[in-house]
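Visitor: Fold the following, please.
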Amino acid sequence: MDSEIKTLGESCTTYSYEERHSFLQLVGQLMAAGVERDHADSFRLEKI
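Guide: The predicted structure follows:
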């Protein structure tokens with residue numbers, strides 16, 4: 001995995017948990033970086 005994509009994913013996870021960005025903002029950031037899939041259980045706050 002590209003280190004920049006991994007860093008972005010970790011940042012998005014942090015922002016999500018801290019409610020600093022909306023879900024749509026996070027998805028937009030990931031899509032702009034070329035991420036096609038992400039597996040996480042947002043209800044249980046777990047990465048799958």
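Visitor: The residue positioned nearest the centre of the chain: what's it in contact with?
Guide: The residue lying closest to the centre of the chain (Cα atoms, centre = their mean) is residue 12, at 3.8 Å. Listed by Cβ atoms under 8 Å, 6 or more residues apart in numbering, the contact set of residue 12 reads 21, 26, 29-30. (Glycine included, C-beta is placed from N, CA and C.)
Visitor: from the residues you listed, which is closest to residue 3?
Guide: Of all the contacts of residue 12, residue 30 has the smallest distance to residue 3: 15.3 Å, by Cβ to Cβ.
Visitor: did I read that right, that closest one in a helix?
Guide: Yes: judged by DSSP: H, G, I helix; E, B strand; the rest coil, residue 30 forms part of a helix.
Visitor: ok, it - contacts?
Guide: Residues in contact with residue 30 (Cβ under 8 Å, 6+ apart) are 8-9, 12, 38.
Visitor: What of residue 20?
Guide: Counted by Cβ under 8 Å, 6+ apart, residue 20 has contacts residue 14.
Visitor: State the helix or strand in which it lies.
Guide: If you go by DSSP states H and E, residue 20 is not part of any helix or strand.
Visitor: What's the per-residue pLDDT of it here?
Guide: Here the pLDDT value assigned to residue 20 is 87.
Visitor: What is the least confident helix or strand in this protein?
Guide: The helix or strand of the chain with the lowest confidence, counting by mean pLDDT, DSSP states H and E, is strand 46-47 at a mean of 62.
Visitor: Max pairwise distance over the contacts of residue 12: which two?
Guide: Counting by Cβ to Cβ, the most remote pair of the contacts of residue 12 is 21 and 30, 11.1 Å apart.
Visitor: Tell me if I'm right that residue 15 and residue 26 touch.
Guide: Yes: with contacts counted by Cβ atoms under 8 Å, residue 15 reaches residue 26, the gap being 6.4 Å.
Visitor: so the residue nearest to the centre of the chain is in which element?
Guide: Here residue 12 is assigned to helix 3-17, by DSSP H and E.
Visitor: Residue 14 and residue 27: what is the separation?
Guide: 15 Å (Cβ to Cβ, to the nearest Å).
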